[in-house]
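Enquirer: one predicted model, sequence on top.
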Amino acid sequence: MNPYVLTILLSSLGLGTTLTFASSHWLLAWMGLEVNTLAILPLMAQQHHPRAVEATTKYFLTQATAAAMILFAATTNAWTTGEWDINNMTHPIASSLTIAALALKVGLAPMHFWMPEVLQGLDLTTGLILSTWQKLAPFALIFQMAPNTNPMLLTTLGLLSTLIGGWGGLNRTLVRKIWAYSSIAHMGLMIIILQYAPHLTLIALGLYIFMTSTAFLSLKMASATKINTLTATWSKSPILTSTTALALLSLGGLPPLTGFMPKWLILQELAKQDLPATATIMALAALLSLYFYLRLCYAMTLTISPNTTNATTPWRTNTTQSTLALALMITAALGLLPLTPAILALSA
């Protein structure tokens with residue numbers, strides 16, 4: 001892609017998200033979401049592959065449907081209450097419809113069906129943008145609407161997302177689909193705690209971005225898109241393989257890694273709110289997600305590829321990819337747990 005065009009598209013991505021962040025009027029927020037969607041479509045279709053075009057089409061139709069629902073709900077609320085302010089979405093039908101539309105935008109269950117299919121058709125860099133940056137603008141709107149939303153709706157979305165995100169990734173062999181279900185499960189954790197402790201949602205979202213960026217950048221460095229190709233990464237780069245395995249365990253939420261922090265704090269807060277059954281279901285659903293992370297770790301670190309390569313040995317060729325971003329993300333994904341009190345103090 002032409003670097004000038006790429007610069008314009010990435011700038012538009014940032015502009016769309018910033019516009020949604022800064023707006024208190026529904027029309028401006030809707031415009032930000034539309035700029036965001038239109039900016040990422042050329043990035044998704046730049047491979048000129050049938051799967052990429054199919055994924056782009058599915059994403060466009062899904063996001064257009066969600067945007068139309070948001071506009072309809074905002075108009076309904078303005079019609080009944082006379083308010084276009086985001087914080088004054090008080091009409092119950094309009095509020096529920098808006099939350100459903102935003103859940104469709106971020107891929108929360110049961111509006112998640114587009115997410116694995118779209119992510120599977122993208123390259124790893126665009127998939128990283130879709131899994132991280134594209135979540136920010138809708139989550140900003142959900143965050144502002146949480147006080148006026150039916151708590152049962154948020155709880156149902158959270159429970160369904162963690163369960164479906166765990167069950168859906170169990171038998172997958174394509175790594176990008178596994179990341180899609182991992183994203184659905186993490187979104188469920190964030191949405192269920194939003195009504196009780198919004199600062200924990202911010203912490204979970206930030207750490208999710210660090211850990212998912214680590215996973216995508218590691219796979220991009222290893223050029224791996226399937227589980228069976230992960231078995232060859234040890235011979236290419238032992239250090240990368242070791243750190244990626246630890247990052248996967250961090251995504252699964254094992255102490256003493258960073259990923260344990262959001263699960264620990266969220267389950268603790270649910271127990272404080274007298275919701276032991278909900279906390280138990282969330283903890284058991286996290287074990288489902290842990291299983292497919294362990295599958296990936298097993299394939300990377302405990303399995304040797306049976307194939308013999310006839311090409312030049314890959315460990316003798318120098319990579320041209322930048323490793324600075326990956327190094328920073330791995331550090332954040334593995335070592336932030338001791339800073340939990342400081343992060344809590346800053347967020348609260």
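Expert: Now that the structure is in, tell me what you want to look at.

Enquirer: report the residue ranges of every domain in the protein.
Expert: 1-149, 151-305+322-338 (automatic domain parsing).

Enquirer: and of these, who's closest to Ser347?
Expert: Smallest distance to Ser347 across the domains of the chain (CB to CB): 4.0 Å, for domain 151-305+322-338. (Glycine included, C-beta is placed from N, CA and C.)

Enquirer: what about that closest one, start to end distance?
Expert: 32 Å (CA to CA, to the nearest Å).

Enquirer: do a quick rundown of the strands in the stretch 101-250 of the chain.
Expert: Under the criterion DSSP state E, counting those that start in this stretch, the stretch 101-250 of the chain contains no strands.

Enquirer: save the domains of the chain as TSV, and put in mean pLDDT too.
Expert: Shown next, in TSV, are the domains of the chain (pLDDT from 0 to 100):
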stretch	mean pLDDT
domain 1-149	93
domain 151-305+322-338	91
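
Enquirer: which elements pack onto the biggest helix by length in the chain?
Expert: What stands out as the longest helix in the chain, according to DSSP state H, is helix 50-81. Using 3 or more CB pairs under 8 Å, 6 or more residues apart in numbering; DSSP states H and E as the contact test, the elements touching helix 50-81 are helix 26-44, helix 92-106, helix 114-120.

Enquirer: in JSON lines: those helices, plus distance to Thr65.
Expert: As requested, these are arranged in JSON lines below (distance: least, CB to CB, whole Å):
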{"stretch": "helix 26-44", "distance to Thr65": "11"}
{"stretch": "helix 92-106", "distance to Thr65": "7"}
{"stretch": "helix 114-120", "distance to Thr65": "10"}
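
Enquirer: so which of the domains of the chain comes closest to Leu344?
Expert: Comparing those under CB to CB, the one sitting nearest is domain 151-305+322-338, at 7.4 Å.

Enquirer: report the distance from stretch 17-33 to the chain centre.
Expert: The chain centre lies 20 Å from the centre of stretch 17-33; the measure is CA atoms, centre = their mean, to the nearest Å.

Enquirer: can I get that stretch in PDB, CA atoms only?
Expert: Extracted in PDB, the C-alpha atoms of stretch 17-33 (Å, rounded to 0.1, in the frame of the first residue of the first chain):
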ATOM      1  CA  THR A  17     -11.700   7.100  17.900                       C
ATOM      2  CA  THR A  18     -10.700  10.500  19.300                       C
ATOM      3  CA  LEU A  19     -14.000  12.000  17.900                       C
ATOM      4  CA  THR A  20     -16.000   9.400  19.700                       C
ATOM      5  CA  PHE A  21     -14.000   9.900  22.900                       C
ATOM      6  CA  ALA A  22     -14.500  13.700  22.900                       C
ATOM      7  CA  SER A  23     -18.100  13.800  22.000                       C
ATOM      8  CA  SER A  24     -21.100  14.100  24.300                       C
ATOM      9  CA  HIS A  25     -23.600  14.300  21.400                       C
ATOM     10  CA  TRP A  26     -24.900  11.100  19.800                       C
ATOM     11  CA  LEU A  27     -24.500  12.400  16.200                       C
ATOM     12  CA  LEU A  28     -20.800  13.300  16.800                       C
ATOM     13  CA  ALA A  29     -20.200   9.900  18.500                       C
ATOM     14  CA  TRP A  30     -21.900   8.100  15.500                       C
ATOM     15  CA  MET A  31     -19.800  10.100  13.100                       C
ATOM     16  CA  GLY A  32     -16.600   9.000  14.900                       C
ATOM     17  CA  LEU A  33     -17.700   5.300  14.700                       C
END
